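Novice: task: produce atomic coordinates for the following.
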Amino acid sequence: MEKICVREAVPVKIGYMELYCESFKAYAVSDLSEQLAVSGANVITNSGRKSTRLMFKGRVYNEKVPLQFVLISNSLGYDGNYTIEYRGLVFENCIICGFTVEDKGEDFVYVTVTVATPDMIMIKN
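Specialist: From the prediction side, this is the model:
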C-alpha cells in the first residue's frame with residue numbers, strides 16, 4: 001500500500017519545554033442555560049463560550065534529564081500566559097490543564113499535554 005503523505009513531527013514549544021508533536025486535537029464547547037417555555041419547548045436563555053482545550057501528543061528528547069518534561073507539573077494551573085504556535089496557528093494566554101509522561105525505555109519519552117486558552121485563535125502572520 002502506498003502512503004499518500006508522510007509528515008514529520010512538528011516541534012512545539014510550551015513554556016520552556018519542547019515537544020515533537022505527532023498528534024493534535026482541539027475542542028471547545030459552549031455553556032448553555034435552558035428553560036422550558038409554557039408550550040413545553042426548550043428555550044436557550046443564556047450561552048457562553050468556554051475556553052478552547054488543545055491537546056498535543058508527541059515525543060520529548062532530553063539526553064541529560066530524560067524525564068525533564070515532568071517538571072511541567074510545577075506549572076499546572078499557573079496562569080503562565082504561554083503563547084503556543086502550531087502549524088500556522090497561534091494560541092495565546094494558554095494555561096496547562098494536564099499532562100502525561102510515559103517512559104517506554106526508548107531514547108525519548110511520550111508526552112501528552114492539554115492546555116486551555118480563553119482567547120480567539122489566530123493565524124500566524
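Novice: now do the helices in the chain.
Specialist: Applying DSSP state H to the chain gives no helices.
Novice: ok, now how distant is the residue most central in space within it from residue 21?
Specialist: For the chain, the residue lying nearest the average C-alpha position, counting by C-alpha atoms, centre = their mean, turns out to be residue 54 (2.5 Å). Residue 54 sits 10 Å away from residue 21 when distances are taken as C-beta to C-beta, to the nearest Å. C-beta here means a position set from N, CA and C on the backbone, and glycine is covered the same way.
Novice: what residues are shared contacts of those two?
Specialist: When C-beta atoms under 8 Å, 6 or more residues apart in numbering defines a contact, the residues bordering residue 54 and residue 21 alike are residue 86.
Novice: per-residue confidence for residue 15?
Specialist: In this model, residue 15 is scored at 82, pLDDT.
Novice: hmm, I typed the wrong one, I wanted residue 96.
Specialist: The predicted structure lists residue 96 with a pLDDT of 90.
Novice: show me what contacts it?
Specialist: 14, 15, 72, 75, 76, 77, 78, 80, 82, 113, 114, 115.
Novice: the fourth one - nearest residue in space that isn't next to it in sequence?
Specialist: Closest residue in space to residue 75, ignoring its immediate chain neighbours: residue 96 at 5.1 Å, by C-beta to C-beta, 6 or more residues apart in numbering.
Novice: what of the second one?
Specialist: Counting by C-beta to C-beta, 6+ apart, residue 82 is the residue found nearest to residue 15 once chain neighbours are left out, at 5.4 Å.
Novice: now do the last one
Specialist: Counting by C-beta to C-beta, 6+ apart, the nearest residue to residue 115 once its immediate chain neighbours are dropped is residue 94, at 4.2 Å.
Novice: thought the one you found was touching residue 84?
Specialist: Yes. At 5.5 Å, residue 94 counts as touching residue 84 under the criterion of C-beta atoms under 8 Å.
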